[in-house]
Each structure stands twice: as C-alpha cells, then as structure tokens.
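here is the input, now give the coordinates:
(one chain, ligands or ions: 3)
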Amino acid sequence: MSVLIKNGRVITATDDYIADIFIEGEKITAIGKNLAVKADKEIDAAGLLVMPGGIDPHVHLDMPFMGTFSSDTHETGTRAALYGGTTTVIDFVLQKQGHSLQAALDDWNSRAKGNAVGDYSFHMAVTDFNEATKKEINHFVEEEGITSFKTFMAYKGALMIDDRQMVDLMLEVKKQGGMVTVHATNGDMIDYLVAKHRSEGKLAPLYHYLSQPEITESEASSRFADMINYTGCPGYIVHLTCEGALNAVRNATKRNQKLFIETCIQYLILDASLYEQNFEGAKWVMSPPLREKKDQTTLWAGINQGLVNVVATDHCPFMWKQKLMGKDDFSKIPNGHPAIENRMELLFSEGVVKNKITINKYVEVASTNAAKIFGMFPKKGTIAVGSDADIVLFDPNKKHTLSASTHHMNVDYSGYEGWELTGKVKTVLLRGQVAIDDNKCLVKKGYGQFVKRNKVDTKI
Ligand code: URP
Ligand code: ZN
Ligand code: ZN
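Ligands and ions are numbered 1, 2, ... in the order given. Just a heads-up that it's a prediction; the model follows:
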C-alpha cells in the first residue's frame, strides 16, 4: 500500500516548506516538490499543516491507583490519543513493592498487548529498589527496550523510594545506558500538610492544593538535580509546574547536566483558582496541583528558553463516580485528569495561535524532543525519509469546541468543557495507515504496536 500526501505545508522541529510526501508500507520513502510517483491513495493536503504524529510520554492507562483504576484502557486511551493527533504514548508500568519489575511488566503486557489502537511504549516505575531489582535493570534496557526508569519522591508507602535507593538506582541505570525520571515533590512534607489539614477538618479539594505548596516541588526538583549531578545519570523531571522548580533546573544547567524537563498542557493553561469552587474542583485534583498565573508565564518562557523540553499530559482519567470517592476528604480523591485527546489541539490553539510559541517549537515539544530523549528518534518524532509515516494533517483555521459529549476518552467529564479552540486534527496516519479521517477512526484495536526504545542519547 502506498500513499501520496500532496501539497501540504510540512512542519518539523526545524523546517517549514510545501512538499509532497510519498509513503510505502509503514515508512516515508520520498519527500519533494511535485513528486512524479503513482500511489494507491492520494491525499490532497493543500491548506493543511503536515506534522509528525504527536508523542505523549506521560500517560497512565488502566493503572491501579488510590484504590481504583484509571478509566481509559490501552484501547480507549490510545484511540482517543489518535483522534487528537498523538500517535505514540509512553505509559507507566508500576512495580508493586515487594515484587519484581518483571512481574509488573507481565501484568501490564497482559492488559496492553493486542488492545492498543495507537503505538505505545512503557516506562518502568521502580518503587522498591534492592539487590534483586538491581539485577533486572540490564534486562529491561537490553532486551525489553524499556530504557527509562520512573521514580516517585512522594506517595510514601505505595510508590515512593528514599534517597538512598534513588542514588543506587541512578548509578545502576547510568551503567546500563538508561535514564531516571522522577515525580519530584517532597512526599514527607506533603504527608505532613495533608494530615494537618485533615485534623483541622479542612477537607475540600482546595486543601489538596494547599497541601502541595510550590516549595514541596522546588525542594525535590533541586534535590533530584543534585543527585543526577553527583551520579552522572541522565535525568528527566516529569510534570514540572512552577517557577521555583524551574529555577532549580536553571541552576542545574550551569553545571551542564543531562537533565530534561517535561511540563503538561494543564499547567500552561489552567490555574489554581479552579480549586476555589465546591467539590467541582475535584476534576483538577492532580499531583502536583495546578499553580498560579505567574507559573504559567514562567513555563511558557521556559519552553522558549529551551529549559522545558516536552509538553505531555500526565493523562490519568477517572470517572466522576470515582472522583466522588473523596467527596468528604480531599486526600481520597483519585489524583489525575484527562487530556490525552486534547493536548495537541490545546497547545496549538493556546500556544501557536496566541503567539506564545512558534510552529516549529510546537512540533519540537509535542513530538520531536520526546522521541529524542526517550530513544525513538528518527523512527518517531519527525517527517523524514526512513521515518515511520506517523503524520498529522491539521487544519490551522478550523474552530471547534471541546466537550465530554464529543470526546473519545473513557471519562464522563472534560477538564476543558466549552473551550473554543482554533486548529483541528483532520487526518492522522500511523505507520502509513489512515487511522483518523474527519473524526472517524479507521484502524482497529490491536493495530497499535509496542515501540522498543534505544539507549539514551543526551545530545538533544
Ligand atoms: O495526579 C496525578 N499526577 N496522577 C497520576 C500519578 C502521577 O503522579 O503522575
Ligand atoms: Zn506524578
Ligand atoms: Zn503521572
């Protein structure tokens, strides 16, 4: 099967030009003006942007968490991602404390394999690092193609590791050619504030926010950066939200560290005033919480300064019924919000249309950098001869409104209900197949493939 995409405006992280793209099988095989080739299928892309498929390296699909499971499966979540122009996601496998990494991978494979619609990979979350776990790292990097190891500096008793384990893990992961990623907030300090608020009868969602002040994140980010500096292991901070944490990173860059930064779309465009409502604020109970307007300004600047490398989602959806588990106590509200389908369109409308970032920067932070940092480039993350034909045809002028009544995520509310956006995904190709066309999904469950990743290349 061959496809010719004609006359589109091709945008990569560095380029912007009009061309035709020829696809044979799963790969791009030629790019040029007026290509003289015959194809099984021709797509007229005049007036459309032609961009690499989005990569969301931070999603939680079908994940056991806080006494329930995130509500999107690998099927519904990767399908919704495709509708929104994201062709590859990286999901988190969570080690159960007291059990092996392999047992966790087997568990995730049993739910993901054969179910994904879009392409996916895994990070391995190490929640219990000991002599036995240490022996498993090499196998994950060399055999499984899982080269990033997630850690939590919070969620004590379930996911958190201490600094002794962290340094030990960093040294092993560095030796094996991987990367350590982190949820960088000070878990003990947060647990203290949660207990204090509960004992004072302060139980509304607002107190979730007030239990995780900026300092809890800046302190942990700074500590992580120092440990990365000491061990020489490449590091990546997930869902960074605020000025204090970004300043810790800014400081680390003076030491020329291999430290990469992700923020998420919600931290760029939503703020903590949403917690001032009644229980409705539970829709945005996530960790870290939404911050202030000044933090949004810092994050947009951080993107343009090259300090913030990736805009992800931390997609972790829960049905409203699940959120109600915490109606009398904010600490029981499952943490997370849905965005896997909305990220690319929100970032375009709020970032590119509003002149906060250029169109090339958009591609860089929504796709290319994640591919490079996580060992998938140039298979994924760009439009080039030899790359997978993961391509989004995007109408930059089309206006539309986000709503739970029209989205494809398996969740019964939207964090962005009624938002009017400019710019909409029209067609999505995944490895040469038209996966989405005019809001219809044309590929089936099982089409999504697991992407084995390479060792870490820190030269982005
Ligand atoms: O609130 C969040 N972020 N839920 C998912 C788990 C995590 O911390 O990333
Ligand atoms: Zn987290
Ligand atoms: Zn997360």
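
C-alpha only now, for contacts and for neighbours.
Noted.

show me what contacts the residue lying closest to I18 once chain neighbours are set aside?
Closest residue to I18 apart from its sequence neighbours, by C-alpha to C-alpha, 6 or more residues apart in numbering: R9 at 4.4 Å. R9 makes contacts with D16, Y17, I18, A19, A45, A46, G47, L48, L49, V50, as judged by C-alpha atoms under 8 Å, 6 or more residues apart in numbering.

and the pLDDT for R9?
At R9, the predicted lDDT confidence score is 98.

contact partners for the closest residue to ligand 1 within the chain?
Going by C-alpha to the nearest ligand atom, ligand 1 is nearest to M286 of the chain, at 3.2 Å. M286 sits next to P334, N335, G336, H337 when contact means C-alpha under 8 Å, 6+ apart.

turn those into JSON lines, including neighbour count.
Below are these laid out as JSON lines (neighbours: other C-alpha atoms under 10 Å):
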{"residue": "P334", "neighbour count": "27"}
{"residue": "N335", "neighbour count": "23"}
{"residue": "G336", "neighbour count": "24"}
{"residue": "H337", "neighbour count": "25"}
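
in a markdown table: those residues, plus pLDDT, distance to ligand 1 and secondary structure.
As requested, the contacts of M286 are exported to a markdown table (pLDDT from 0 to 100; distance: C-alpha to the nearest ligand atom, whole Å; DSSP: H, G, I helix; E, B strand; the rest coil):
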| residue | pLDDT | distance to ligand 1 | secondary structure |
| --- | --- | --- | --- |
| P334 | 98 | 8 | coil |
| N335 | 98 | 4 | coil |
| G336 | 98 | 4 | coil |
| H337 | 98 | 7 | strand |
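
mind listing residues that contact the lowest-mean-pLDDT helix or strand in the chain?
Of all helical and strand segments in the chain, the minimum by mean pLDDT, DSSP states H and E falls on helix 243-253, at a mean of 93. Here helix 243-253 makes contact (C-alpha under 8 Å, 6+ apart) with 214-215, 217-219, 221-222, 225-226, 240, 259, 294-295, 298-299, 302, 307.

now the helix or strand just after it, how far from the chain's geometric center?
Helices and strands here follow DSSP states H and E; after helix 243-253, the next one along the chain is strand 259-264. Remark: strand 259-264 is offset 10 Å from the chain centroid, using C-alpha atoms, centre = their mean, to the nearest Å.

and the angle from strand 259-264 to helix 243-253?
160 degrees (axes from the mean of the first three to the mean of the last three C-alpha atoms, to 10 degrees).

quick one: strands adjacent to strand 259-264?
According to DSSP bridges, strand 259-264 has the following sheet partners: strand 235-237 (parallel), strand 310-312 (parallel).

anything in the first one near ligand 1?
No: contact between strand 235-237 and ligand 1, assessed by C-alpha under 6 Å from any ligand atom, is absent, since the two come no nearer than 11.1 Å.

then the last one?
No: applying C-alpha under 6 Å from any ligand atom, one finds that strand 310-312 is not in contact with ligand 1, the shortest distance being 11.2 Å.

neighbouring contacts of that strand?
By C-alpha under 8 Å, 6+ apart, strand 310-312 touches 55-58, 239, 261-265, 343, 364-367, 369-370.

and I43, how many neighbours?
16 (other C-alpha atoms under 10 Å).

now L442
Counted with other C-alpha under 10 Å, L442 comes out at 13.

next up, the contacts around it.
V434, A435, I436.

turn those residues into CSV, columns for secondary structure, neighbour count and pLDDT.
Shown next, in CSV, are the contacts of L442 (DSSP: H, G, I helix; E, B strand; the rest coil; neighbours: other C-alpha atoms under 10 Å; pLDDT from 0 to 100):
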residue, secondary structure, neighbour count, pLDDT
V434, strand, 18, 98
A435, strand, 27, 99
I436, strand, 23, 99
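
of the residues you listed, closest to H139?
Nearest to H139 among the contacts of L442 is A435, at 33.2 Å by C-alpha to C-alpha.

for the stretch 351-460 of the chain, which segments count as helices?
359-363, 369-373 (DSSP state H, counting those that start in this stretch).

tell me the most buried of those helices?
helix 369-373 (a mean of 25; mean count of other C-alpha atoms under 10 Å).

buried members of the contacts of helix 243-253 into ChimeraX, please.
When burial is assessed using 16 or more other C-alpha atoms under 10 Å, the buried subset of those is captured in ChimeraX by this command:
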select :214,215,217,218,219,221,222,225,226,240,259,295,298,299,302,307
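
rewinding a little: which members of the contacts of M286 are the farthest-apart pair?
Longest span within these, C-alpha to C-alpha: P334 and H337, 9.3 Å.

now for these two: what residues contact both?
With contacts defined as C-alpha under 8 Å, 6+ apart, the residues adjacent to both P334 and H337 are V285, M286, F318.

for the second one, what is the enclosing helix or strand?
Per DSSP H and E, M286 falls between elements, in no helix or strand.

show me what the helix or strand harbouring the residue nearest to I18 pairs with in its sheet, parallel or antiparallel.
Secondary structure assignment for R9, by DSSP H and E: strand 2-11. Sheet partners assigned to strand 2-11 using DSSP bridges are listed as strand 16-24 (antiparallel), strand 41-44 (parallel), strand 49-52 (parallel).

okay, these, which one's buried deepest?
Comparing those by mean count of other C-alpha under 10 Å gives strand 49-52 as most buried, with a mean of 29.
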